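[1] Attaching a predicted model along with its sequence, questions to come.
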Amino acid sequence: MCDPRKRVSYKLGWLAGILAAGLLAATAAADEKKSRLPKSPPADNVKITPEAWKTGPKTPATPREIDQLLKTLLAKDNISPAPLTTDEQFIRRATLDLTGHLPVPADVDEFTADKDPQKRAKLIDRLLDSDEYARHWARYWRDVMLSKATAQQIFLRAPRTIGLEAWLFDQFKANKHWGEIAREIITATGTLSLQDPADSGAAGFLAAHFGPDAANERAADTARVFLGMQIQCAQCHDHPFDVWKRNQFHEMAAFYSRTRERRFGMGQQAGITITAANAGEHQMPSLEDPKKSTRVDPRFLLGGAIPQDQPDPARRKALADFVTSRDNYWFAAAYVNRIWGELMGQAFYQPVDDMGPQKDAFLPELLVRLALSFKAGNYDMKALFRQVMNSETYQHQIRLGESTGQHMHFAASYPTRLRADALWESLVNVLGTFKDPPRQQGGRQGQLGAAAMAFFRGLGTTEGQFKREFGFDPSTKPDEVEGSIPQALLLMNHPMVNDKIKAKDTNLLSRILKSYPDDKDALRILYLRTLARKPTDREMEKCNNYLAKVGNRAEAYEDLLWALINSTEFQTKR
């Protein structure tokens, strides 16, 4: 195999030509051009009125109902849905969506050969019942809930990050409903320690903020995560783009005025305690004189208050009751909007955490129906996944607009970059486990428990470097998540990645070349392992030409594997 630096210099041009020509992409360039949606006006920029939530059906929606409603809405704009995914496309998309993993070649072959008309529904059920589903979505919500954390000291990050993810995993594994999870998080108390970070993990959300502004920051995060609303702009002045007034923000923050956080200990004994204070009221600073302030009592965003001088548990219970109330349509809508955006690539409101009475929504009739359905099912998350993923709407192929970020009106899936966890798992699935050189342990790290040790080791490993570089806020609009030069270099020229690509020892490529002397079979397995599909005839021809051109089978396959993991297709959900 050529030196990696030489590969980048003299082979990158040829291989990049393959990628640019679409010969190592899911869709040929000519077909992709035909598939673009015609130019069309935005979807009416409709604001959802309170009355809209009261008039829709109060029963769970069916996949067929979702499809029929969308077809009716698209017909108004003269837009035809994209064709349905192939079996290969579907198994890759569904597996990545629900587990963050690529399907293995045997699963792809078995799925495509299966003649059962219910095989897609059965695949969805099997994935939803897996530990990988619970782990993938625990990581997703961990990142959502901690994306605005202000307490960034390492001994604060470790217990809350590990603890919150572990607790969320248990909730998703047990199929706890979203209302139950939100309630436990908002009312959480207890201790998160490095010795046993999974204990009291629900408190990790509140432990993201410390100090005099903690109540304000928790109020903003509660509205953002559970109601899909950005109210923090109203902390200092009335919200310029929505209905929220400054006093409403501080009335929301007052629910946390008696919630206290405390860091304690060092080393193995380090941790965070979330508890209640016996007294304390929220103060709204005066705009005229920062030294002066006014007491503000708890009051709900949509109206209504609780008795004054309530203790912390009563305040946060009342807040949890309000947030998860069946009369609070924003709670159901916020979850549906976010999950729909993750599954379809685009949401009804974008960004997904910037909803509100004065914000415009794409095809709001569909959002209202899905939110009412989610509420009717008592916020059953797996039921929502089944309703959406069994619909033809979810199973449409990807399409591109005339410009970056053009909304597809859900007539097609919008390709999105894989999250860092999923991209790393895909890389490991293809290349195998990365083993970093052993590092000397000692000092504080030597005193930590197993979970905390894993956290700290991750900071300095290839995995840690990779996830930091490829990480992004899950609430970001998909078209605003851009690649970077350091990201490209990590995949193109990282020493450990290039070493794993080499056909040596018993790694993936070595096994493929030994097991499949016929290049037709070897290329098929290579594509199935990296892209979860077989190569097209044009790709097969181009790859065979390259094999003949190089004249060294191992070196040529190394280059082809390198090209595949650097392709847009490998790094996106399509």
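    Happy to help now that I have it.

[2] In stretch 321-334, which of the residues would be classed as buried?
    Across stretch 321-334, burial judged by 16 or more other CB atoms under 10 Å covers 322, 323, 324, 328, 329, 330, 331, 332, 333, 334. Where C-beta positions appear, they are placed from N, C-alpha and C, glycine not excepted.

[3] cool, stretch 55-71 as well?
    Within stretch 55-71, the residues that count as buried by 16+ other CB under 10 Å are 56, 60, 61, 63, 65, 66, 67, 69, 70.

[4] How is the third one assigned, secondary-structure-wise?
    In this case it means residue 61. Classification of residue 61 using DSSP: H, G, I helix; E, B strand; the rest coil returns coil.

[5] quick one, phi psi at it?
    phi -80, psi 160 (degrees, to the nearest 10).

[6] ok, it touching residue 370?
    Yes - under the criterion of CB atoms under 8 Å, residue 61 makes contact with residue 370 at 6.3 Å.

[7] Now the common contact residues for the two.
    Common neighbours of residue 61 and residue 370, counting by CB atoms under 8 Å, 6 or more residues apart in numbering, are residue 387.

[8] Domains in this structure, by residue range?
    Under the assignment automatic domain parsing, the domains of the chain span 4-33+417-573, 36-84+327-414, 133-324.

[9] and those domains as JSON lines, adding distance to residue 109?
    Below are the domains of the chain laid out as JSON lines (distance: least, CB to CB, whole Å):
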{"stretch": "domain 4-33+417-573", "distance to residue 109": "8"}
{"stretch": "domain 36-84+327-414", "distance to residue 109": "20"}
{"stretch": "domain 133-324", "distance to residue 109": "22"}
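
[10] Relative to residue 105, which of those domains is closest?
    Proximity of these to residue 105 was assessed by CB to CB; the nearest stretch is domain 4-33+417-573, lying at 3.8 Å.

[11] Could you give the separation of the closest one from the chain centroid?
    21 Å (CA atoms, centre = their mean, to the nearest Å).

[12] and the helix or strand harbouring residue 383, what does it pack onto?
    Assigned by DSSP states H and E, residue 383 belongs to helix 381-389. Here helix 381-389 touches helix 63-76, helix 87-99, helix 119-128, helix 329-344, helix 364-376, going by 3 or more CB pairs under 8 Å, 6 or more residues apart in numbering; DSSP states H and E.

[13] and of those helices, who's closest to residue 241?
    Closest to residue 241 of these is helix 329-344 (CB to CB; 16.2 Å).

[14] CA atoms of that closest one as CSV?
    The C-alpha coordinates for helix 329-344 follow below in CSV (Å, rounded to 0.1, in the frame of the first residue of the first chain):
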residue,chain,number,x,y,z
TYR,A,329,-50.2,21.0,23.1
TRP,A,330,-46.6,22.3,22.8
PHE,A,331,-45.2,19.3,24.8
ALA,A,332,-46.5,16.7,22.3
ALA,A,333,-45.7,19.0,19.3
ALA,A,334,-42.1,19.6,20.5
TYR,A,335,-41.3,15.9,20.6
VAL,A,336,-43.1,15.1,17.4
ASN,A,337,-41.4,17.9,15.6
ARG,A,338,-38.0,16.9,16.7
ILE,A,339,-38.4,13.1,16.0
TRP,A,340,-40.0,13.8,12.6
GLY,A,341,-37.0,16.1,11.8
GLU,A,342,-34.6,13.3,12.8
LEU,A,343,-36.4,10.7,10.7
MET,A,344,-37.2,12.8,7.6
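
[15] Among the buried residues of stretch 321-334, pick out the one closest to residue 463, please.
    Nearest to residue 463 out of the buried residues of stretch 321-334 is residue 334 (CB to CB; 31.5 Å).

[16] ok, now how distant is that closest one from residue 52?
    Per CB to CB, to the nearest Å, residue 334 is found 16 Å from residue 52.

[17] pLDDT below threshold where in this structure?
    By pLDDT under 70, the low-scoring segments of the chain are 1-45, 267-268, 437-459.
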